[in-house]
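Asker: got a predicted model here, sequence first, then my questions.
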Amino acid sequence: MSAPSSLPGGAKIAQVPGLHMGKVHAMFSTPWAFVSMCQIVREDESIGYLEPTNIQMKFLQACADHRWVLTDKFRQAKITTPAVMLLLRDCMYLEGVKGVLIAERQDTAEDIFERILFAYKNLPDDVRVPVEAGRKPGTTQIHFVHGGGIKVLTAGGRSPAVGRSIDRLLLTEFGEAQWQRKAAANIFPAVNKRINARVILESTPGTAGSHHETMWHNALEGKGRFHPVFLEWWLDPSCRSDPHGLRPTETELEYMARHPGMDLHNLAFRRLSLQTEMGNDERLFTSKYPSDPYDGWLGSGQPVMPIDVLKECLLTAVVPPEPVPKGASLLERPVKGRSYLVCADPAGFGAVGDNSAVTVWDAIERREVAVWEGREDPGRFSERLLNLQRFFNNALLAVESNAAACIAMLKDKGAKNLLWTDRNHPGWYATEKRVQEGEARLVRMLRDRELELKSKTLLHQLINYDGDRTKRSGNSDGTTHHFDLARTAVMAADILSRRRFTSDEAPVPASNYEPHGDGPRVTIADLDRFKHHERASARNPYKPLAREWT
């Protein structure tokens with residue numbers, strides 16, 4: 001009998017006496033064939049076969065089509081049950097295949113493992129592979145006669161480790177794990193070198209800025225091994241309530257219109273959930289029932305930026321290409337004679353802390369044209385900034401002045417056309433007042449469509465940017481989220497809204513700038529003064545217009 005065409009690559013079905021091999025082969029005919037053969041304890045406490053919903057079938061199909069699957073689900077999506085049934089199928093029928101189930105807590109992992117044992121014990125004898133002689137199924141592991149098996153681990157400790165190479169890995173509710181980065185660093189090396197290994201990571205959205213969110217965004221951008229799967233809660237039959245007596249508000253009708261397939265039954269479910277367990281907190285509802293792949297990640301405070309505008313931008317945004325060596329990811333090449341603005345948020349020295357980040361803007365069209373972020377010391381980063389400045393027509397270079405080391409490096413290297421806070425302090429000085437003003441200008445420019453954001457990397461940060469400059473810890477994993485790229489967008493909005501750039505604006509000649517002298521310098525004070533003259537001339541029609549400056 002030939003092997004099923006859907007059999008995972010490299011796998012071989014174990015030949016075990018007493019099994020009906022025709023039925024066993026049929027278990028691999030569709031992604032949900034074996035799952036439909038498994039018995040579960042249903043929500044009404046009856047025992048019966050699992051009948052996959054449309055949402056579960058979407059998930060199962062993705063697991064059949066991709067070896068690494070990262071699922072963003074809603075609460076009670078019932079994805080864990082079909083996921084563990086896939087784990088049981090492969091480890092029970094495929095010769096020598098070993099699987100691991102990992103949950104955020106030990107009691108949760110053991111509870112899920114009980115579903116595996118229940119389904120296994122209720123399989124017909126002619127399709128149930130015997131366990132290894134002398135090793136009865138326990139509460140945390142099961143060993144099959146052909147050498148394969150399943151064991152349970154937890155990601156709740158600081159250093160979770162698998163301890164052996166594995167072929168199938170299932171991580172459930174990874175967003176709830178405290179030590180996500182350390183868990184990933186310890187777990188994934190056990191599978192990422194195995195060319196036929198299969199991994200499923202499923203979870204509701206977690207904390208904004210967490211390692212989990214970074215992994216999800218990387219998957220959405222096509223980076224790494226994971227294939228992203230977003231599950232729409234309003235398409236699941238369990239997320240419906242009786243709409244009798246429901247009078248939708250205008251906001252609710254707009255919400256329904258934004259979600260294809262949503263109806264009044266889903267609106268009734270949403271309102272009932274908000275009033276029952278969510279305390280009318282819509283952000284809490286979205287954290288459990290996300291509206292789209294970018295929704296539901298909870299930050300330390302209320303997001304500052306207009307989410308609706310940013311999500312609209314994401315529809316046309318692009319994944320930044322590979323960065324140019326000692327440069328950035330180019331979204332557009334420079335146009336001869338065009339004015340550009342380089343905004344940079346440098347890191348300090350050391351192996352930990354903020355990333356360095358830089359964005360480049362077309363100062364005439366007010367459009368993002370290049371982006372880069374990474375861990376780089378001030379010396380290397382200053383070289384990167386000078387390269388970008390030269391490449392983009394000797395662009396105006398604005399560096400956050402709180403990062404004194406990078407600015408000192410730029411001054412020592414004779415940087416030209418550098419923005420100064422005042423005549424004595426180079427850089428964009430990030431006072432509380434100026435940052436808040438920059439945030440307000442960025443919000444206005446985004447809503448008025450005066451600023452075009454093109455990279456998904458920048459948009460991802462802005463969606464969760466909460467303006468909190470005192471506490472930026474992502475989670476107890478030690479990961480921090482400093483919104484470095486988002487800060488460069490705030491800087492750009494502050495500068496672009498203050499200064500009137502022209503297409504024929506010439507670069508500042510080298511003789512006009514002395515690193516240690518008193519030559520002409522572009523300062524924030526000049527920007528403020530220019531804005532003041534502009535407002536004053538508008539108020540008094542008899543007053544002469546302010547003189548243009550460069």
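Answerer: Noted; the coordinates are in hand. Numbers count the residues shown, from 1 in each chain.
Asker: tell me the secondary structure at the nearest residue to Tyr429 once chain neighbours are set aside.
Answerer: Nearest residue to Tyr429 in three dimensions, chain neighbours excluded: Thr421, at 4.0 Å (Cβ to Cβ, 6 or more residues apart in numbering). Heads up, the C-betas are built off the backbone N, CA and C, glycines and all. Of the three states, Thr421 takes strand according to DSSP: H, G, I helix; E, B strand; the rest coil.
Asker: pLDDT value on Thr421, please?
Answerer: Per-residue pLDDT puts Thr421 at 73.
Asker: same check, this time on Ala119
Answerer: Value for Ala119, per-residue pLDDT: 94.
Asker: for the strand or helix carrying it, list every residue counted as buried.
Answerer: Per DSSP states H and E, Ala119 falls inside helix 106-121. Going by neighbour count (16 or more other Cβ atoms under 10 Å), the buried part of helix 106-121 is 108-110, 112-113, 115-116, 119-120.
Asker: what helices and strands are in contact with that helix?
Answerer: strand 39-41, helix 80-93, strand 98-103, strand 141-143, strand 149-154 (3 or more Cβ pairs under 8 Å, 6 or more residues apart in numbering; DSSP states H and E).
Asker: between those, which gets nearest to Val129?
Answerer: Nearest of the helices and strands packed on helix 106-121 to Val129, taken as Cβ to Cβ: helix 80-93 at 4.7 Å.
Asker: relative to strand 98-103, how tilted is the closest one?
Answerer: 160 degrees (axes from the mean of the first three to the mean of the last three Cα atoms, to 10 degrees).
Asker: run the angle between the helix holding Ala119 and helix 80-93 for me.
Answerer: Using the same axes, to 10 degrees: helix 106-121 against helix 80-93 is 60 degrees.
Asker: and for helix 106-121, what's in contact with it?
Answerer: With contacts defined as Cβ atoms under 8 Å, 6 or more residues apart in numbering, helix 106-121 is touched by 38-41, 80-81, 84-85, 87-88, 92, 101-103, 128, 137, 139-140, 142, 150, 152-154, 156, 172-173.
Asker: including distance to Pro52, could the helices and strands packed on helix 106-121 go into TSV?
Answerer: TSV is the format used below for the helices and strands packed on helix 106-121 (distance: least, Cβ to Cβ, whole Å):
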stretch	distance to Pro52
strand 39-41	11
helix 80-93	6
strand 98-103	20
strand 141-143	23
strand 149-154	21
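Asker: reformat these as JSON lines; add mean neighbour count and mean pLDDT.
Answerer: Below are the helices and strands packed on helix 106-121 laid out as JSON lines (neighbours: other Cβ atoms under 10 Å; pLDDT from 0 to 100):
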{"stretch": "strand 39-41", "mean neighbour count": "16", "mean pLDDT": "89"}
{"stretch": "helix 80-93", "mean neighbour count": "24", "mean pLDDT": "94"}
{"stretch": "strand 98-103", "mean neighbour count": "25", "mean pLDDT": "90"}
{"stretch": "strand 141-143", "mean neighbour count": "20", "mean pLDDT": "91"}
{"stretch": "strand 149-154", "mean neighbour count": "22", "mean pLDDT": "87"}
